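Peer 1: Okay, predicted coordinates and the sequence, questions at the end:
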Amino acid sequence: MSENLSRREFIQVTAAGNLLTLSVPSLLTADAAFKPPVLVSPGCRKSKVKVGKLYIGTPKNHWPTPLLDLKEEVQEYEKEFGRMKKEFADVDFTVNELITSADQLPPLYDRLKETDGILAIQVTMGIDKTLSNILSVQKPTILFAIPYSGHDWVGFGALRNRKEGARFDCILSSDKQQLAAAVRPFRAIHHLREAKILNITTNAPAPDYLKAIKDKFGTEIKVIGREPILEAYESISDSVARQEADQWIAKAEKIVEPSKEEIIKSCKLALAFQKVLDAEEATVMSADCYGSMYHQLPAFPCIGWVRFNNMGLGGICESDLRSAMTHIIYQGLVGKPGFISDPTLDVSKESIILAHCLGSTKMDGPEGETCPYLIRSIMERQEGAVIEAKMRIGQKVTQAILIGTDLMPYFTGEIIDTPESPRGCRTKITVKVDGDIDKLWQNWSNGLHRQTCYGNIVPDLQRFCRFQGIKLVNEA
């Protein structure tokens with residue numbers, strides 16, 4: 001891609017609404033009917049994450065010292081939040097108070113109930129009653145405490161295991177950068193609630209599944225046919241589609257099978273996808289590309305999906321709604337896309353090969369580097385145009401999938417190879433599994449597809465799943 005398109009996102013604060021937006025400069029402004037998307041943060045269009053920030057302690061307590069000035073301690077934390085303003089750019093701390101007595105909390109309950117989660121920062125010991133009252137609000141709550149904050153931590157483990165602690169977790173660390181990690185599950189919860197997934201298909205998903213997803217997470221899944229896509233496709237000028245294709249071609253290491261015309265058609269469809277996504281104010285799109293939409297669209301959707309993933313939106317293969325939900329969770333937790341895969345095992349190397357023809361080139365997120373790529377045909381079909389991405393060897397990864405609304409199998413590992421093979425799919429990574437490779441295949445359940453994300457994000461998944469009542473199971 002061109003430098004413009006590979007650096008699509010930059011953060012700015014709008015003067016009118018003081019809202020964080022994601023602006024996408026592009027050559028496509030030549031087409032008056034096409035407007036680039038505006039995002040609050042990768043994966044979210046509508047609003048900021050609402051967090052209640054409560055500093056909790058009691059004056060002149062023995063730990064950390066009776067000489068501690070609580071207001072000065074709060075100011076030191078506030079400076080730290082200021083230094084990390086990029087990490088909190090999409091967060092609105094709708095409550096930001098120093099609480100020195102549990103009696104101060106009741107007037108705040110209504111505001112706290114409107115948040116996505118509560119960040120409680122312990123500054124002294126003697127917080128048991130205050131913490132109990134915070135948990136009574138029944139919002140996801142993370143308590144952050146540096147060493148010497150108090151002895152109260154000895155009861156936190158037991159509290160987590162009681163009914164009133166079902167939505168409670170802790171980060172006990174001297175590393176104040178972990179304050180950013182504390183809000184990640186709140187962000188994922190917020191993103192799911194505001195997300196809208198468009199599914200291009202004539203095979204309607206099970207109504208019970210759609211209702212369960214909407215009821216628990218707030219996520220809307222809307223089925224659309226091919227007609228709005230075809231209409232948008234016709235509205236994109238050939239010259240604009242050619243410009244988009246030229247940028248993909250210019251950055252590719254090589255074009256192997258597809259003709260330029262095939263690439264142009266794919267890019268024109270990608271721009272049509274964005275017009276429909278924008279019109280619907282959605283963030284994720286999928287298509288039944290091997291089913292009811294096979295050869296029913298002007299091109300295969302693959303380049304369009306990579307393009308969305310690179311922009312901080314979501315493009316999902318094969319109407320895989322479980323992968324779509326997992327993708328949104330990844331975007332909310334760490335701002336990175338997922339790589340859908342058809343896995344195959346190599347026990348001799350304690351590895352699993354994760355393969356799919358669609359490979360995203362910005363697995364570090366919209367502001368990350370672009371990995372090398374080729375433009376290929378779809379391996380299984382020997383047609384179309386796809387991106388074969390060369391992901392980073394040595395990179396730690398997490399693979400997971402949300403099953404229904406209450407189960408998430410996962411495992412972690414490290415990329416040790418990006419194999420070249422005329423078998424399977426185009427983009428491949430060999431991942432040496434953390435754990436027992438035999439247990440992995442013996443425990444495998446719930447189908448083939450999984451979503452792979454850069455980084456070991458298990459602590460983030462654990463907090464998110466705890467707050468959402470999801471069983472997180474290590475398959476390895």
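Peer 2: Thanks, I have the structure now.

Peer 1: Report the central residue of this structure.
Peer 2: Among the residues of the chain, the one closest to the centroid is residue 331, at 1.2 Å (CA atoms, centre = their mean).

Peer 1: for it, phi and psi?
Peer 2: When read as degrees, to the nearest 10, the backbone of residue 331 gives phi -60, psi -40.

Peer 1: surely it meets residue 192?
Peer 2: No - look at residue 331 against residue 192 with CB atoms under 8 Å: they stay out of range, at 9.8 Å. The way it works is simple: take the backbone N, C-alpha and C, and place the C-beta from them, glycine included.

Peer 1: what's in contact with stretch 425-434?
Peer 2: For stretch 425-434, the external contacting residues (CB atoms under 8 Å, 6 or more residues apart in numbering) are 339, 342, 346, 349-359, 374, 376, 378-380, 386-389, 391, 397, 399, 411-419, 421, 440, 452, 476.

Peer 1: can I have that stretch written out in PDB, keeping just the CAs?
Peer 2: Extracted C-alpha coordinates of stretch 425-434, given in PDB (Å, rounded to 0.1, in the frame of the first residue of the first chain):
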ATOM      1  CA  CYS A 425      -4.100 -21.600   2.300                       C
ATOM      2  CA  ARG A 426      -1.900 -18.700   1.300                       C
ATOM      3  CA  THR A 427      -1.100 -17.000   4.600                       C
ATOM      4  CA  LYS A 428       0.500 -19.400   7.000                       C
ATOM      5  CA  ILE A 429       2.200 -19.200  10.400                       C
ATOM      6  CA  THR A 430       3.700 -22.100  12.300                       C
ATOM      7  CA  VAL A 431       3.100 -21.500  16.000                       C
ATOM      8  CA  LYS A 432       5.100 -23.500  18.700                       C
ATOM      9  CA  VAL A 433       2.400 -24.100  21.300                       C
ATOM     10  CA  ASP A 434       2.900 -23.100  24.900                       C
END
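
Peer 1: what about that stretch, distance to the chain center?
Peer 2: The gap between where stretch 425-434 is centred and where its chain is centred comes out at 20 Å by CA atoms, centre = their mean, to the nearest Å.

Peer 1: quick one: buried residues of that stretch?
Peer 2: 425, 426, 427, 428, 429, 430, 431, 433, 434 (16 or more other CB atoms under 10 Å).

Peer 1: Let's test this: mean pLDDT of that stretch, rounded?
Peer 2: Taken as a whole, stretch 425-434 has an average pLDDT of 91.

Peer 1: ok so, going back, which ones among the contacts of stretch 425-434 are found in strands?
Peer 2: 339, 342, 346, 351-356, 374, 376, 378, 386-389, 397, 399, 411-417, 452 (DSSP state E).

Peer 1: just to revisit the earlier point, check contacts around the residue nearest to the centre of the chain.
Peer 2: Here residue 331 is in contact with 42, 43, 44, 188, 191, 312, 314, 337 (CB under 8 Å, 6+ apart).

Peer 1: Residue 194 is in contact with the second one, correct?
Peer 2: So the one you mean is residue 43. No - in this structure, residue 43 is not within contact of residue 194 by CB under 8 Å, at 9.2 Å.

Peer 1: shared neighbours of those two, anything?
Peer 2: In contact with both residue 43 and residue 194: residue 283, using CB under 8 Å, 6+ apart.

Peer 1: helices and strands of this protein: which one has the lowest mean pLDDT?
Peer 2: None of the helices or strands of the chain scores lower by mean pLDDT, DSSP states H and E than strand 10-13, at a mean of 29.

Peer 1: Outline the domain layout of this structure.
Peer 2: 49-186, 195-474 (automatic domain parsing).

Peer 1: how about the ones you listed, which one is nearest residue 38?
Peer 2: Among the domains of the chain, the nearest to residue 38 by CB to CB is domain 195-474 (8.8 Å).

Peer 1: what's the neighbour count on residue 148?
Peer 2: For residue 148, the count of nearby residues is 13 (other CB atoms under 10 Å).

Peer 1: Let me fix that, I meant to ask about residue 383.
Peer 2: 14.

Peer 1: Assess the claim that it and residue 299 are in contact.
Peer 2: No - Residue 383 is not in contact with residue 299 according to CB under 8 Å; the separation is 9.8 Å.

Peer 1: so where's the chain shaky on pLDDT?
Peer 2: Within the chain, the segments meeting pLDDT under 70 span 1-36.

Peer 1: For it, just list every one of the helices.
Peer 2: 3-6, 70-83, 109-113, 128-135, 156-161, 178-194, 207-217, 227-235, 238-251, 260-280, 302-311, 321-334, 437-443, 458-468 (DSSP state H).

Peer 1: Tell me the one of the contacts of residue 331 nearest residue 255?
Peer 2: residue 337 (23.5 Å).

Peer 1: need the contact list for the closest one.
Peer 2: 309, 310, 314, 327, 330, 331, 360, 362, 363, 365, 453.

Peer 1: Relative to residue 435, how far out is it?
Peer 2: From residue 337 across to residue 435, the span is 24 Å (CB to CB, to the nearest Å).

Peer 1: Which residues does stretch 202-215 contact?
Peer 2: Stretch 202-215 is contacted from outside by 199, 219-221, 223, 225, 288, 291-293, 319, 321, 325, 404-405, using CB under 8 Å, 6+ apart.

Peer 1: and that stretch, which residues are buried?
Peer 2: So for stretch 202-215, counting by 16+ other CB under 10 Å, buried means 210, 213.

Peer 1: Stretch 72-90 now?
Peer 2: Neighbour-count burial for stretch 72-90 flags 73, 74, 77, 81, 87, 88, 90 (criterion: 16+ other CB under 10 Å).

Peer 1: How about stretch 400-419?
Peer 2: 400-403, 408-416, 418.
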